[in-house]
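Asker: Predicted model and sequence follow; I will ask about them next.
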Amino acid sequence: MGEWTYGLFDCFGNCTLCIITYIVPCVTAGQNAEKVDQGSCIMCGIASMLGPCGIYFMARTREATRERKGIEGSFLNDCLCSWFCALCSIIQVARELEGSPMGQSMSRV
């Protein structure tokens, strides 16, 4: 199994992403979820703002990213990262998914 390409606290490696996430984290969280087929960007972005439900949702997105990229970890660790370091976790997932195609809703037939 692999490891994350970027560490949890490597937030400032992409300053544009960092600024956007710190101002409107729901946008980045929604984009992350859509990239791993967890739902639409708007619905997932809204869900990410719902307190404990949002933390659970962000942890599921993190888990889906780990599974897609073959990264070691557990859902408990994903929950803890999403609870205590939410913004850093969202940025870490976004950076891991950079270059990944968007979800099914963006594909053309």
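Answerer: Received the coordinates, thanks.
Asker: Buried residues of the one helix or strand L87 maps to, list them for me.
Answerer: L87 belongs to helix 86-97 when assigned by DSSP states H and E. Within helix 86-97, the residues that count as buried by 16 or more other CB atoms under 10 Å are 86, 88-97. Where C-beta positions appear, they are placed from N, C-alpha and C, glycine not excepted.
Asker: Packing partners of that helix?
Answerer: Under the contact definition 3 or more CB pairs under 8 Å, 6 or more residues apart in numbering; DSSP states H and E, helix 86-97 sits against helix 15-23, helix 25-35, helix 52-69, helix 75-84.
Asker: That one: how far from the chain's middle?
Answerer: Distance of helix 86-97 from the chain centroid (CA atoms, centre = their mean, to the nearest Å) equals 5 Å.
Asker: how far off helix 52-69 does it point, in degrees?
Answerer: Going by axes from the mean of the first three to the mean of the last three CA atoms, to 10 degrees, helix 86-97 is angled at 30 degrees with respect to helix 52-69.
Asker: Number the residues from 57 up from this point.
Answerer: Understood, numbering begins at 57; the last thing we discussed is helix 142-153.
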